[in-house]
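Trainee: give the three-dimensional model of this entry:
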Amino acid sequence: MPIYEFRCEACGARFEELVDAGTESVACRTCASERTRRIYSPPGRPFGIVKTPGETRKQERKNAQLRERTKQRWSAARRRGRQSGEES
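Mentor: Modelled structure (predicted):
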């Protein structure tokens, strides 16, 4: 069952309703008028499932920076480990 958006021609109220597919009119929630029309309601954007090319490049840059920082931290920790091993 889809959720459709309706507009009441009597009072101007807009509301959503869970109805059978193809339903063109339902009673208004505000004034109970039967003079309602289904209006176009664009679908919502997917939740980050599909990224634009710009978003993809931005994410790739962030991933490259993260890899570089991780390598630097790992190398620094390794150097510290070697230096403390020489002192013992």
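Trainee: would you mind measuring from the residue nearest to C8 when sequence neighbours are not counted to G12?
Mentor: For C8, ignoring the flanking residues on the chain, the nearest one in space by CB to CB, 6 or more residues apart in numbering is C28 at 4.0 Å. Bear in mind the C-beta positions are built from the backbone N, C-alpha and C, glycine included. Distance of C28 to G12, computed by CB to CB, to the nearest Å: 10 Å.
Trainee: out of those two, which sits in the busier spot?
Mentor: Shown here are C28 and G12; by other CB atoms under 10 Å, C28 has more neighbours (22 against 10).
Trainee: chain center to the helix or strand encompassing S75: distance?
Mentor: S75 belongs to helix 53-87 when assigned by DSSP states H and E. Taking CA atoms, centre = their mean, to the nearest Å, one finds helix 53-87 lying 30 Å from the centre of the chain it belongs to.
Trainee: so what secondary structure elements neighbour it?
Mentor: Using 3 or more CB pairs under 8 Å, 6 or more residues apart in numbering; DSSP states H and E as the contact test, no helix or strand touches helix 53-87.
Trainee: ok, C8 - how many residues close by?
Mentor: Neighbour count for C8, taken as other CB under 10 Å: 22.
Trainee: domain-wise, how is the protein divided?
Mentor: Domain segmentation of the chain under automatic domain parsing yields 3-39, 51-88.
Trainee: distance of A21 relative to R35?
Mentor: Counting by CB to CB, the gap from A21 to R35 is 22 Å.
Trainee: look at these two and report which has more neighbours.
Mentor: Neighbours per residue, other CB under 10 Å: of A21 and R35, the larger number sits with R35, 13 against 7.
Trainee: and the gap between the residue lying closest to the more buried one once chain neighbours are set aside and C31?
Mentor: Distances taken as CB to CB, 6+ apart place E9 nearest to R35, at 4.3 Å, with adjacent residues excluded. From E9 across to C31, the span is 10 Å (CB to CB).
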